[in-house]
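1. Return atomic coordinates for the entry below.
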Amino acid sequence: RQFMYKSELIHDAQPYCDVTMEGGWGAANGWTSIRSLLSHRLVLSSKGPQGGREEFHLTPEGQRFVTAMLQRWGGGAPGRAGDGDGGEAERNPAM
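-> Predicted structure coming up:
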């Protein structure tokens, strides 16, 4: 699968954040960073078939950004990309 749902992104990104990834509208949280990723065209969002759940995809620029970031700073969290253990992002580089 070449996309992730919001709930999956929140779960997988939390180990890398120093604030909570989820929160109510108007609350400061890590998920608000998605706006920046979308505006810089590192991530695209689309609705699933028949208007289903929103799907998030890395663009080619986003894939290059993630690769460069992991080369510079490493994976950081156990079971995540960059640590060579076959974590989800390593199995699916489109994440």
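2. Against residue 35, how distant is the closest residue to residue 29 other than its chain neighbours?
-> Closest residue to residue 29 apart from its sequence neighbours, by C-beta to C-beta, 6 or more residues apart in numbering: residue 23 at 3.6 Å. (Glycine included, C-beta is placed from N, CA and C.) Residue 23 sits at a distance of 14 Å from residue 35 (criterion: C-beta to C-beta, to the nearest Å).
3. Start and end of stretch 44-56, how far apart?
-> 6 Å (C-alpha to C-alpha, to the nearest Å).
4. The residue nearest to residue 53 when sequence neighbours are not counted pairs with what?
-> Nearest residue to residue 53, sequence neighbours excluded (C-beta to C-beta, 6+ apart): residue 5, at 5.4 Å. Counting by DSSP bridges, residue 5 forms beta bridges with residue 55.
5. Give me the neighbour count for residue 5.
-> The burial count assigned to residue 5 is 15, neighbours taken as other C-beta atoms under 10 Å.
6. Please apply the same query to residue 21.
-> 19.
7. State the pLDDT value of it.
-> Predicted confidence (pLDDT) for residue 21: 86.
8. just checking, residue 66 touches residue 58?
-> Yes - with contact defined as C-beta atoms under 8 Å, residue 66 counts as touching residue 58 (6.7 Å).
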